[in-house]
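Q: how would this look folded up:
(2 chains)
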Amino acid sequence: MSTTISPLRPKRSRLLTGVMVVYLVYTLVPLLWLLLSATKTQADLLSSPGLWFGRSFAFFTNIKDTLTYNDGIFLRWLGNTVLYVVVGAGGATLLATAAGYGLAKYKFAGRRAVFAVLLGAVAVPGTALAVPTFLMFSNLGLTNTVWAIIIPSLVSPFGLYLMWVYATDAVPHELLEAARIDGAGEVRTFFTVALRLLAPGIVTTLLFAVVSTWNNYFLPLIMLSKPNLYPLTVGLTQWSNQATGVGARPIYNLVITGSLLTIVPLVVAFLLLQRFWQSGLSAGSVK
Amino acid sequence: MAESVAQDHIRPLRATGTRRRRAGRDGKGWLFVGPFLAVFALTFLAPIGYAIYLSLFREQAFFGGRVFVGLDNYLDALQDPKFWEAFGRVAVFLVVQVPVMLILALLAALAIDSARLHAASFFRIVIFLPYAVPGVVAVLMWGYIYGNNFGLAADLNDLFGTSAIQPLSGTWMLPSIANIVTWEFVGYNMLIFYSALRTIPGELYEAAAIDGAGTFRTIRAVKLPALRGAIVIATIFSIIGSFQLFNEPNILRTLAPNVITTYYTPNMYAYNLSFAGQQFNYSATIAIVMGVITAIIAYVVQLRGSREAL
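A: Reported below is the predicted structural model:
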């Protein structure tokens, strides 16, 4: 995005930049610590200063050890996370896009009721739903299956809201009318005309759904007890817990390196898709 | 949102024939909304209903079976000191952390939007970066940094030859958690505010400049009013987030088991009642009480936010 369209074109301020640099440092120090710590052996972690390198450079050994520890369970967790993200966040985006489009472009009985119910449900703490959801899924025999993670991930009320607002402005009624006059059915109109216009909104919704699925911790924590179904988040905390209690086998260096590896894909995705999600967000925030 | 719905209604009247055909077609809206609502019903409405049902019963310890107890579980919850201790803790957290976080986010958004900053887009993306860090990783990372083994807290203590910095001790635990949450979410809220600022039309700034308004006057008269909706939304999300506080204390618990109790926050209490204590009925009751309190507060904030000027 370009700079502000201010008629004044104010001078750049060193003081303001300086203050912001302080905040920038606060943001970056923990990440720098993580990056530096990922280069250390367990012994170096304990003996070297946090914000500098240790005696040996063990970055690549750490990565190798992280990926191979316990028969490569980390890769298994990565695969699980990718599965939950692709099916869960992908499905959530599809459902939210269709529903947002439907609510924005069709007027049908009960539309207002849908809005009221959604708003009410969003106010209910998601984690408050977790216990009853667990009991329900347990009765249905769904706990300890991938469906216990995927099905709840399919609903993104925030995504629906975003797509609703976005579709209202991005898809002109005239264009839909034209497609209908050409004899296209409602579903075909959606796929051939509307989807393309909704693209920036879809990328935004998808990205935020990916983040929430990738970061999902509470739901898999209660739904899954088999380590080979864990996503990265639950797996990493399990590794971290290994450091305490009876028969403690701390693997701090692997937790740290694993954490770093968990962050990288999302950071890359956000940086690469910047243009899309920022324009999608501004549209969503207007109302 | 309300605006766009209103616009739909002001559309020019059509011939009745077209209207009738439109009505039939508009029914097809369900085709698009239906799938979402079906999953929504399964994952939101059904659990809420089930939780309400559970909260009205109690398991018999000796005889087995489930007994209807009416509102007894709710009466117990309202007199439960553990629940109120947990509630008080998140209430303090809410009152202190949320304003700090939102004000930092607001200042950052205004600074980045001000055109007075060098490399503004670099600041924007870096400050947003923590949002892409999974909450679990953020807590593990900060937890180690706080720790005495190889953390920065230990480095600082070594440097000054003290042991005064103990972020994981009883006194400092809540501020330490608040710091993690602030670190994670300032960028996200900043971006919401920034996006709202970008939608202010240039003419408004020109008008303000013609009226001789300086930087701060422009912020007060033009920018803050434009941000009102975004601030209300960000506040509601933050309130919901605070009342749900779970990940941070639950993960830090392994580092400081004596400081963080099993009922440190209402959510941890509900979780531990269920999964450590098998008290599903009482756990569901706690969850519903918290849900109702959250919904009421969110509703009040929304009402006040839409009525009052900033």
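Q: got the contact list for B:N281?
A: Residues counted as contacts of B:N281 (Cβ atoms under 8 Å, 6 or more residues apart in numbering or on different chains) are B:54-55, B:57-59, B:73. The C-beta positions use only the backbone N, C-alpha and C, and glycine is treated the same way.
Q: ok, and for the helix or strand where B:M101 lies, which residues are buried?
A: Per DSSP states H and E: B:M101 is located in helix B:81-113. The neighbour-count criterion (16 or more other Cβ atoms under 10 Å in any protein chain shown) identifies B:82-83, B:86-87, B:89-90, B:93-94, B:97-98, B:101-102, B:104-113 as the buried residues of helix B:81-113.
Q: I'd like to know which elements that helix is packed against.
A: Packing partners of helix B:81-113 (3 or more Cβ pairs under 8 Å, 6 or more residues apart in numbering or on different chains; DSSP states H and E): helix A:14-37, helix B:120-128, helix B:173-198, helix B:224-243, helix B:266-275, helix B:280-307.
Q: still on that earlier bit, most neighbours among the contacts of B:N281, please name it.
A: Within these, neighbour counts (other Cβ atoms under 10 Å in any protein chain shown) peak at B:S55, which reaches 25 neighbours.
Q: report the contact partners of that residue.
A: Per Cβ under 8 Å, 6+ apart, neighbours of B:S55: B:73-74, B:281, B:284-285, B:288.
Q: A:T17 too?
A: Counting by Cβ under 8 Å, 6+ apart, A:T17 touches B:117-119.
Q: sorry, back to before: from the chain's centre, how far out does the helix holding B:M101 sit?
A: Taking Cα atoms, centre = their mean, to the nearest Å, one finds helix B:81-113 lying 10 Å from the centre of the chain it belongs to.
Q: now do it against helix B:173-198, angle only.
A: Interaxial angle, helix B:81-113 versus helix B:173-198 (axes from the mean of the first three to the mean of the last three Cα atoms, to 10 degrees): 40 degrees.
Q: just the closest of the contacts of B:S55 to chain A, please.
A: Chain A has its nearest neighbour among those in B:A284, at 5.9 Å by Cβ to the nearest Cβ.
Q: against B:T199, how distant is that closest one?
A: Going from B:A284 to B:T199 by Cβ to Cβ, to the nearest Å gives 42 Å.
Q: tell me which of the two has more neighbours.
A: A count of neighbours by other Cβ under 10 Å puts B:A284 above the other of B:A284 and B:T199, at 27 against 13.
Q: show me what contacts the more buried one?
A: A:131-132, B:50-52, B:54-55, B:270.
Q: ok, now with 6 Å
A: A:132, B:51, B:54-55 (Cβ atoms under 6 Å, 6 or more residues apart in numbering or on different chains).
Q: now the most centrally placed residue in chain A: which helix or strand?
A: Nearest to the geometric centre of chain A sits A:V211, at 0.5 Å (Cα atoms, centre = their mean). In this assignment (DSSP H and E), A:V211 forms part of helix A:199-214.
Q: cool, and B:L31?
A: helix B:29-40.
Q: mind listing what's buried in the helix or strand following that helix?
A: Moving toward the C-terminus from helix B:29-40, the next helix or strand (DSSP H and E) is helix B:46-55. Neighbour-count burial for helix B:46-55 flags B:47-48, B:50-51, B:54-55 (criterion: 16+ other Cβ under 10 Å).
Q: got it, and stretch A:53-72?
A: Using 16+ other Cβ under 10 Å as the test for burial, stretch A:53-72 gives A:54, A:58-59, A:62-63, A:65-67.
Q: show me the shaky parts of the stretch 201-310 of chain B.
A: Along the stretch 201-310 of chain B, segments meeting pLDDT under 70 span B:306-310.
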